[in-house]
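[1] sequence first, predicted model second:
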Amino acid sequence: MNILLVNKDFEGGGAATACRRLFQALDKSGKVDVKVLVQQTKNASEKIIPVLRGKFATNLSLFNLAIEKSIFYFFEASKDIRFAFSSANYGNSISSIDAVKKADIIHIHWINQGFLSLKEIDKIISLNKPIVWTLHDMWPFTGGCHYSGNCEKYKSICGNCPFLKGSNEKDLSYYLFNRKKEIFQNSNISWIGCSKWMATLAQSSNVLTNPQVKNIFNPIDIELYKPIEKATARKFFDLPINKKIILFGAAKISDKRKGLSYLLEALNILDRNGFKDIMLGTFGKNSAINNLKIESKAINYISDENKIAQLYSAADVFVLPSLEDNLPNTVMESLTCGTPVVAFNIGGIPEMVKHTINGYLAKVADSTDLANGIEWVLNKLNYSELSANARNYAINEFSEDVIANKYIELYQNIINK
């Protein structure tokens, strides 16, 4: 079987990480011939195929993104949502690429920000090849938003979109919603939710014509992400041995969806309650936090996964107060390294964090309960059991062989049909 994974990037970003890990898991299995097609990459090879090549590839990809966003500029309600909504009006042509033609199954992941347009998606569908589409966010079944918040218009028909200025019943979201519905109507697409939560949302949408949306988690390399001795890990990052380390990180920690304000309030609550000898460690883009009452250290962006794994092992608890999230890689990584997680009870996170077993699920948008969860983990007498539970759950649910076999079974069933 020739499987072609399609994603905007090979490096960076949650969907890129998930797609890359699936590529590696399938390749290690030796049961399929797998390649991945991306917009551009520094790791081009026979199996990792960039659409844009040469020294101008980065400029071309930025040009694509600029065109897409410049068109949306006239519709956006504010610049804060510029990357929370995608119109997919411009992108690359891939339907004539040799790897696409030779694929038995085309497995789409994330295609926005100037990679593929809806017109190109329509062309790919017209090739009459089986398509698997893994839902890393809600975009494929909404009128353009990646996460809809409290809006449920995607269940019937979009319009009067809160992301758009001067919106009306037949605004851009209405047009995109109906365009997607038209494209997907007679398509041979098998939809996959990274989480059961995402699969359930997709099943309720009026865009997708196939009501059966399966759930398959993303994989992780359990030999790369594994516990190491805390003193060793902390020495590497110059973190104190005698303090409890609370870790928080995201690709962009300022993203309101990641809920940093709730974590900061929770830390202030802990400080007011006299909880001492704690330190916040942050990683991600522009991760420094000022005016915090407790000690903090910004690790900033880390690209080396070995170092990322060490950082999770250096922490006593990882906190992710997201208000909307699918199946966060950071939570999976922390659990696999044996570091318990405290998070809000939202999205796909309850499928990863089992309350008081491998972490703590706090009430949504409740900083007090978030503080309770952090304190509960840090004061846990049988912390080693909590840590072991985190690692064991990750091995059983997210390891490469488990996820690769589920996808291979899916591919085989599709081919057999």
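    Nice, I can see it.

[2] and the helices in the stretch 101-250 of the chain?
    For the stretch 101-250 of the chain, applying DSSP state H, counting those that start in this stretch gives helices covering 118-126, 172-184, 196-203, 230-237.

[3] could you list the buried residues of stretch 50-64?
    50-52, 57, 60-61, 64 (16 or more other Cβ atoms under 10 Å). C-beta here means a position set from N, CA and C on the backbone, and glycine is covered the same way.

[4] can I get those in JSON lines with distance to residue 167?
    What follows is the buried residues of stretch 50-64, written out as JSON lines (distance: Cβ to Cβ, whole Å):
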{"residue": "50", "distance to residue 167": "37"}
{"residue": "51", "distance to residue 167": "33"}
{"residue": "52", "distance to residue 167": "34"}
{"residue": "57", "distance to residue 167": "36"}
{"residue": "60", "distance to residue 167": "32"}
{"residue": "61", "distance to residue 167": "30"}
{"residue": "64", "distance to residue 167": "26"}
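
[5] list the ones among the residues you listed that fall in helices.
    Among the buried residues of stretch 50-64, the members falling in helices (DSSP state H) are 57, 60-61, 64.

[6] would you list the helices of the stretch 101-250 of the chain in JSON lines and tack on distance to residue 362?
    Putting these into JSON lines (distance: least, Cβ to Cβ, whole Å) gives the following:
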{"stretch": "helix 118-126", "distance to residue 362": "38"}
{"stretch": "helix 172-184", "distance to residue 362": "32"}
{"stretch": "helix 196-203", "distance to residue 362": "17"}
{"stretch": "helix 230-237", "distance to residue 362": "24"}
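
[7] and those: which comes nearest residue 152?
    Nearest to residue 152 among these is helix 196-203; the distance by Cβ to Cβ comes to 9.3 Å.

[8] now the closest one: buried residues?
    For helix 196-203, using 16+ other Cβ under 10 Å, the buried residues are 196-199, 201-202.

[9] give me the residue ranges of the stretch 101-250 of the chain where confidence is low.
    The model of the stretch 101-250 of the chain has pLDDT under 70 over residues 210-211.

[10] returning to that earlier point: among the buried residues of stretch 50-64, find me the one that's closest to residue 367.
    Of the buried residues of stretch 50-64, the one sitting nearest to residue 367 (Cβ to Cβ) turns out to be residue 61, at 39.1 Å.

[11] who's in contact with the closest one?
    Shown in contact with residue 61 (Cβ atoms under 8 Å, 6 or more residues apart in numbering): 39-40, 52, 114.

[12] neighbour-wise, which one of these leads?
    Most neighbours among the contacts of residue 61, by other Cβ atoms under 10 Å: residue 39, with 26 neighbours.

[13] confirm for me that that residue is in contact with residue 92.
    Yes: with contact defined as Cβ atoms under 8 Å, residue 39 reaches residue 92; the gap is 6.5 Å.

[14] what do these two both touch?
    Residues touching both residue 39 and residue 92 by Cβ under 8 Å, 6+ apart: 51-52, 64, 114-115.

[15] relative to its centroid, which residue of the protein is most remote?
    residue 274 (35.6 Å; Cα atoms, centre = their mean).

[16] now that residue: phi and psi?
    phi 80, psi 20 (degrees, to the nearest 10).

[17] check the gap between it and residue 375 for me.
    Residue 274 sits 11 Å away from residue 375, going by Cβ to Cβ, to the nearest Å.

[18] cool, residue 391 as well?
    From residue 391 to residue 375 the distance is 22 Å (Cβ to Cβ).

[19] and what of residue 70?
    Applying Cβ to Cβ, the value for residue 70 to residue 375 is 48 Å.

[20] those two - which one has more neighbours?
    The neighbour comparison of residue 70 against residue 375 (other Cβ under 10 Å) goes to residue 375, with 20 against 10.

[21] so the more buried one touches residue 267, yeah?
    No: applying Cβ under 8 Å, one finds residue 375 not in contact with residue 267, separated by 10.9 Å.

[22] if we can go back for a sec, of the shared contacts of residue 39 and residue 92, which is the nearest to residue 28?
    Lowest distance from residue 28 to the shared contacts of residue 39 and residue 92 (Cβ to Cβ) belongs to residue 51, with 25.1 Å.

[23] how many neighbouring residues does the nearest residue to that closest one once chain neighbours are set aside have?
    Distance criterion Cβ to Cβ, 6 or more residues apart in numbering; nearest residue to residue 51, sequence neighbours excluded, is residue 92 at 4.9 Å. Other residues lying near residue 92 total 21 when counted by other Cβ under 10 Å.

[24] next: residue 225.
    Count around residue 225 with other Cβ under 10 Å applied: 23.

[25] next one: the residue farthest from the centre of the chain from residue 18, what distance?
    Relative to residue 18, residue 274 is positioned 41 Å away (Cβ to Cβ).

[26] equivalent analysis for residue 137, please.
    11 Å.

[27] what's the answer for residue 76, then?
    27 Å.

[28] more neighbours, the two?
    Ranked by neighbour count (other Cβ under 10 Å), residue 76 and residue 18 place residue 18 first, with 25 against 17.

[29] got phi/psi on that one?
    Dihedral angles for residue 18 - degrees, to the nearest 10 - are phi -60, psi -40.

[30] show me what contacts the nearest residue to it once chain neighbours are set aside?
    Excluding the flanking residues, the one nearest residue 18 by Cβ to Cβ, 6+ apart is residue 218, at 4.1 Å. If you count contacts by Cβ under 8 Å, 6+ apart, residue 218 has them with 18, 21-22, 194, 327, 329, 332, 398, 403.

[31] make it 6 Å
    Contact analysis of residue 218 by Cβ atoms under 6 Å, 6 or more residues apart in numbering lists 18, 194, 327.

[32] do you know how far the residue lying closest to the second one once chain neighbours are set aside is from residue 77?
    Spelled out, it's residue 194. With Cβ to Cβ, 6+ apart as the criterion, residue 194 has its nearest non-adjacent residue at 4.1 Å, and that residue is residue 327. Using Cβ to Cβ, residue 327 is found at 28 Å from residue 77.

[33] show me the strands in the stretch 51-200 of the chain, by range?
    105-108, 131-135, 189-193 (DSSP state E, counting those that start in this stretch).

[34] which SS state does the residue nearest to residue 194 fall under?
    The local conformation at residue 327, judged by DSSP: H, G, I helix; E, B strand; the rest coil, is coil.

[35] spit out the contact partners of it.
    194-195, 218, 348.

[36] rerun at 8 Å
    By Cβ under 8 Å, 6+ apart, the contact list for residue 327 reads 18, 194-195, 198, 217-218, 347-348, 351-352.
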